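> Sequence first, predicted coordinates after that:
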Amino acid sequence: MAVISRGFTGRGRDHTPDLPPGQYLTADFPVLSAGPTPDIDTADWQFSIRTDDATLHTWNWDEIHALPIEDIDTDIHCVTRWSKFGTSWRGVSLDTLFADIETTDGFVMAHSYGGYTTNIPLDDLLGGKAWIAFEFDGEPLDPEHGGPARLLVPHLYFWKSAKWIRSLEMMPADQPGFWEQNGYNMYGDPWLEQRYW
Amino acid sequence: MSTLSERETRDAAPHRIGLWHAGVVVSTKTESPTGRSIVLDVPGWGGNIAGQHADLRLTAADGYQAVRSYSIASVSNGDRVELAVDRLPTGEVSPYLVDELRPGDQLELRGPLGGWFVWTPSLPDAVQLIGGGSGIVPLMAMIRSHTASGSDAPFRLLYSVRSPDDAFFRSELDTPTPGLDVTWLYTRVAPEGWGRPPGRITVDDLAGSAFAASLSPAVFVCGPTGFVESVATALVALGHDPHKVKTERFGGA
Amino acid sequence: MGEHVDGNSLAGPLSELFAVDLTMASARCLGCGDVSELARAMVYPDPTGYVVRCSRCDDVLMVVVQEPDSVCIELRGMAWLKVPR
């Protein structure tokens, strides 16, 4: 028989049409990390895309800032059940970064400084759906939240939006990343509650 | 010996049944503006040794559950358990425990847990305790166990708090106890006329007030992650054997 | 927030799965060869599981993901785990 703790409600578990199933709304921005926060100087920072023919397309901090920068207003959904509405970011669209890249591969492994990885279909990174983001709420993205730059793929659960992004590696077939190897869903659609396999 | 079918094997799993014990709040006591101690009666608990922790499970009326770990301040052979909790402003559970919980309320406990960050009276070594904020809780259990057992092991405590008001177990620690030496450190506000200016714990504090590494004391450090990190680093710099330094960090949730 | 805690905090969650206190067990890190009690490892907690890292080299020792009807434990980062009895 369950023991009910009088007066305990826990966090709000409101349901609104904009909230995916099983999520609760938070005003904070919880920090979840699978490892130590890497200390990355923007002078040393590089982002690259590696294609199937092993060609490396690389941007340093100044080069990525010279590209068209977009304002992004979006809701984000974490697999640990918090959602946050109306977050504002600035960054470069992956459509821009992939503009000159030819590939026949359909999948991408995102690699982070610190060793974290996560897999995403290429189609989910193109068409105005994903960015390399370096500002949050009008401020440079702080290291706890993935600064200097993170991947932002807000239509998938937030573990796909890899913090401390370093490179994208093209793959001919879908391979599991860090959490996906241990039971997290390969795709991670919050509206279909694709948390686990 | 008969072979159990897979189904029966799964149903058997005896150690999973009764893992959670229902507990009732007996009393609560304000320890600081943000913290309080809570005494629980937990039938079937069966006692714990100093330094162990318990997992606490709270269930809302709609079935929602939250689990958190808390250190145990008491040592006993029985079913009484004393916890002490500091309120984290953005926490989900600690504000409930500090502000809402009252005698008669029910919650569930799992434990006692952990055989590593513990002290028992059979250990002869000198013991250096170093606590930050509510990190005093498992160290208090060690002090109480030391006193109750009449152990000869010399004990020293360095207790770092923001201000005099923020100390847990103030009157108990201010009561002179044979074999226990207490040094207070204040990080923000010190009492009038206090020799040391307020500030975070330093290598000099450890060199001046803690047992020297040459005595090879058993060291227990408990507090927020940053506090534990800097103390552990300083202890190793002072020559303490890392294997004799045990730490317990608590996170922010 | 986002900070690691010590391996001894795993005693409760692991008690759901093992009959002994696994935090007292020693593990050898496949990355750097360090041998330490699990209680000394660094734990990055997460509401759906946790990542356990070597306190010497930060390599991943163990990943635990708690799914609604099962628990997935990855032990790839350990050469071995010695459990006291």
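Thanks, I have the structure now. As the structure is a computational prediction, the values presented were derived from the model and not from experiment.

> When you work out contacts or count neighbours from here on, use the C-alpha atoms and nothing else.
Fine.

> Any idea how many residues pack against residue 6?
No chain in the question, so chain A it is. Number of residues near residue A:6 (other Cα atoms under 10 Å in any protein chain shown) recorded here: 17.

> nope, chain C please
By the other Cα under 10 Å criterion, the neighbourhood of residue C:6 contains 25 residues.

> Residue B:121 and residue B:151 touch, don't they?
Yes - distance between residue B:121 and residue B:151: 5.8 Å, which falls inside the contact criterion (Cα atoms under 8 Å).

> where exactly do the helices run in the chain?
Picking chain A for this. Secondary structure of chain A (DSSP state H): helices at A:61-65, A:94-97.

> ah, no, chain C please
If you assign secondary structure with DSSP H, the helices in chain C sit at C:11-15.

> Up against chain B, what does chain C have?
If contacts are counted using Cα under 8 Å from any Cα of the partner chain, the residues of chain C sitting beside chain B are C:1-6, C:8-9, C:11-12, C:16, C:19, C:21, C:23-24, C:39-40.

> And chain C, is the helix or strand hosting residue B:128 touching that?
With the criterion set as DSSP states H and E, the secondary-structure element containing residue B:128 is strand B:127-132. No - legend: contact between strand B:127-132 and chain C by Cα under 8 Å from any Cα is lacking; minimum distance shown is 14.8 Å.

> Nearest residue to the residue positioned nearest the centre of chain B in space, please, no chain neighbours.
Closest residue to the average C-alpha location of chain B: residue B:138 at 2.4 Å, with Cα atoms, centre = their mean. Counting by Cα to Cα, 6 or more residues apart in numbering or on different chains, the nearest residue to residue B:138 once its immediate chain neighbours are dropped is residue B:51, at 4.4 Å.

> How many residues are close by that neighbour?
If we define neighbours as other Cα under 10 Å, then residue B:51 has 29 of them.

> swap in residue B:188?
Count around residue B:188 with other Cα under 10 Å applied: 13.

> confidence score at it?
Among the per-residue scores, residue B:188 holds a pLDDT of 97.

> now swap in residue B:235 and tell me
Looking at residue B:235, its pLDDT reads 97.

> same deal with residue C:14?
90.

> what about it, distance to residue B:70?
Look at residue C:14 and residue B:70: by Cα to Cα, to the nearest Å, they are 16 Å apart.

> cool, residue A:171 as well?
Distance of residue A:171 to residue B:70, given as Cα to Cα: 45 Å.

> Over to residue B:196?
Applying Cα to Cα, the value for residue B:196 to residue B:70 is 31 Å.

> Please identify which of the two sits among more neighbours.
Applying other Cα under 10 Å to residue B:196 and residue B:70 shows that residue B:70 carries more neighbours, namely 19 against 13.

> Just the residues contacting stretch A:144-157, thanks.
When contacts are defined by Cα atoms under 8 Å, 6 or more residues apart in numbering or on different chains, stretch A:144-157 is touched by residues A:31, A:37, A:40-42, A:74-79, A:124-125, A:129-135, A:140-142, A:160-165, A:187-190, C:2.

> and that stretch, how far apart are its ends?
The straight-line separation of the ends of stretch A:144-157 (Cα to Cα) is 18 Å.

> Can you give me the buried ones in that stretch?
Residues A:144-157 are the ones in stretch A:144-157 that count as buried (16 or more other Cα atoms under 10 Å in any protein chain shown).

> My understanding was that residue C:81 contacts residue C:22; is that so?
No - in this structure, residue C:81 is not within contact of residue C:22 by Cα under 8 Å, at 9.3 Å.

> out of the two, which sits in the more crowded spot?
Here residue C:81 and residue C:22 are compared on neighbour count by other Cα under 10 Å; more neighbours surround residue C:22, at 25 against 17.

> Tell me who's in contact with that one.
Going by Cα under 8 Å, 6+ apart, residue C:22 touches C:11, C:14-15, C:38, C:83.

> Now which of these would you call buried?
Those of the contacts of residue C:22 that meet the buried threshold are C:11, C:15, C:38, by 16+ other Cα under 10 Å.

> ok, now how distant is the closest residue in space to the last one that isn't next to it in sequence from residue A:53?
Excluding its sequence neighbours, the residue lying closest to residue C:38 (Cα to Cα, 6+ apart) is residue C:23, at 4.8 Å. Applying Cα to Cα, one obtains 46 Å for the distance of residue C:23 from residue A:53.

> For burial, what's the neighbour tally of residue B:46?
Using other Cα under 10 Å, the number of residues around residue B:46 comes to 14.

> sec struct for it, please.
The local conformation at residue B:46, judged by DSSP: H, G, I helix; E, B strand; the rest coil, is coil.

> hmm, back to that, go through the buried residues of stretch A:144-157 and name the one nearest chain C.
residue A:144 (7.5 Å; Cα to the nearest Cα).

> What backbone torsions are found at the nearest residue to residue A:142 once chain neighbours are set aside?
Distance criterion Cα to Cα, 6+ apart; nearest residue to residue A:142, sequence neighbours excluded, is residue A:148 at 6.6 Å. With angles defined as degrees, to the nearest 10, residue A:148 sits at phi -70, psi -30.

> try residue A:175
For residue A:175, the backbone dihedrals (degrees, to the nearest 10) come out as phi -120, psi 140.

> Just the pLDDT for it.
At residue A:175 the predicted local distance difference test score is 97.

> Just give the nearest non-adjacent residue to it, would you?
Closest residue to residue A:175 in three dimensions, ignoring its sequence neighbours and counting by Cα to Cα, 6+ apart: residue A:119, at 6.6 Å.

> which residues touch the one you found?
Listed by Cα under 8 Å, 6+ apart, the contact set of residue A:119 reads A:107-110, A:160, A:174-177, A:180, A:186-187.

> I only care about those that end up buried; give me the PyMOL line for that.
The following PyMOL command selects only the buried members of these, with burial defined by 16+ other Cα under 10 Å:
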select buried, chain A and resi 107+108+109+110+160+174+176+177+180+186+187
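
> Show me which of the contacts of residue A:119 is closest to chain B.
When the contacts of residue A:119 are ranked by distance to chain B (Cα to the nearest Cα), residue A:160 comes first, at 22.8 Å.

> so how far is residue B:159 from the closest one?
Look at residue A:160 and residue B:159: by Cα to Cα, they are 42 Å apart.

> ok but residue B:208 is inside a helix, no?
Yes - the secondary structure assignment for residue B:208 places it in a helix, going by three-state DSSP.

> quick one: which helix or strand includes the residue nearest to the centre of chain B?
helix B:136-149.

> quick one: buried residues of that helix?
Of the residues in helix B:136-149, those with enough neighbours to count as buried (16+ other Cα under 10 Å) are B:136-147.

> Which elements pack onto that helix?
Contact here means 3 or more Cα pairs under 8 Å, 6 or more residues apart in numbering or on different chains; DSSP states H and E; on that basis helix B:136-149 packs against strand B:127-132, strand B:218-224.
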